[in-house]
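Return a 3D structure for these sequence lines:
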Amino acid sequence: MSRICVLICTFDRHELLAKLLAALAPQAIASGATVVIADNGTDPAEAVVDRFRTAMDIIYTRVPEPGLVNARNTSLRLALPLDPDFLVFIDDDEVPERDWLETLVRTLEDSGGDFATGPVEPHFSVPPPAWVAGSGFFHVDADCLGTSNLAIRTASLPQDEEDWFNPLFNFTGGEDPELLRRMLAKGALHVIAEGAVVREDVPPERLRRRYIWRRGLRDG
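This next block holds a predicted model:
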């Protein structure tokens, strides 16, 4: 059986993190995966994490430095000593569909790919305006380069820590496609896992044109 680490960065989303861990637990147990959680929120999520420690193997750490890149690279430092075959990323405001983890990893195993991505579907906490529902903005195609639904073959990750997630993107976002594009430029094979679906929570404050404009500008 392949060795898997699921990497989660979290920041003050305790209720959403609990939903993610509840959905992830049976999949982590079935695959023998270790869940690595890097938390640099202002309010530690350790009490939430402790509720799931008996259900699955969890490594949790506080990251004192602010910024998402600091949390991402910390999660890699915690995972790599476990010698995993695959590193799987999911965001703390997402919930995986049944068999998500198995489908994502099997896609890499069967294809020989270096990293695989799957689709992200929105879960609206309130009914969205018609212009939002019709835009498809919150739907992320399976070929999108990001850590919201990603598995990397560990052997394909840059060996030098300096070549992991770039600190220049610490407070802007965009560090994940930047890393994956560098991997592609060096010959990495990207494969698609259409059946590995996660659902992203979309709160009411995101259903505004200003938010969508800013996020679209960030994502380029």
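
How many residues are close by G32?
By the criterion of other Cβ atoms under 10 Å, G32 has 12 neighbours. Heads up, the C-betas are built off the backbone N, CA and C, glycines and all.

contacting residues for it?
Contact analysis of G32 by Cβ atoms under 8 Å, 6 or more residues apart in numbering lists M1, R3, I4, D57.

Roughly how far does the residue nearest the centre of the chain sit from R199?
For the chain, the residue nearest the mean C-alpha position is I90 (2.3 Å; Cα atoms, centre = their mean). Here the criterion is Cβ to Cβ, to the nearest Å. By it, I90 lies 11 Å from R199.

quick one: low-confidence ranges for this protein?
Applying pLDDT under 70 to the chain flags the ranges 132, 134, 204, 207, 211-220.

now the strands: where do they sit in it?
Along the chain, the segments classed as strands by DSSP state E run 4-10, 34-39, 57-62, 86-90, 94-96, 115-117, 120-124, 149-153, 190-192, 198-202.

List the buried residues for the lengthiest helix in the chain?
Counting residues, the longest helix found in the chain (DSSP state H) is helix 14-31. For helix 14-31, burial by neighbour count (16 or more other Cβ atoms under 10 Å) applies to 14, 16-21, 23-25, 27-28, 31.

other SSEs contacting it?
strand 4-10, strand 34-39, helix 46-50, strand 94-96, helix 100-111 (3 or more Cβ pairs under 8 Å, 6 or more residues apart in numbering; DSSP states H and E).

what's the distance between the residue with the largest distance to the centre of the chain and D141?
What lies farthest from the middle of the chain is A130; by Cα atoms, centre = their mean that is 28.4 Å. Per Cβ to Cβ, A130 is found 22 Å from D141.

Would you mind giving the buried residues of helix 14-31 as CSV with distance to A116 added?
Converted to CSV, these look like this (distance: Cβ to Cβ, whole Å):
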residue, distance to A116
H14, 29
L16, 24
L17, 24
A18, 27
K19, 24
L20, 19
L21, 22
A23, 19
L24, 17
A25, 22
Q27, 16
A28, 18
S31, 15
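
ok, those vs Q159, which is closest?
Set against Q159, the nearest of the buried residues of helix 14-31 by Cβ to Cβ is S31 (25.3 Å).

Pretty sure that closest one sits against W100.
No. Using Cβ atoms under 8 Å, S31 makes no contact with W100, being 10.6 Å away.

circling back to that earlier point, can you pull the residues that touch both of I90 and R199?
P96.

burial count for the closest residue in space to R181 that isn't next to it in sequence?
With Cβ to Cβ, 6 or more residues apart in numbering as the criterion, R181 has its nearest non-adjacent residue at 6.6 Å, and that residue is L145. Using other Cβ under 10 Å, L145 has 17 other residues around it.
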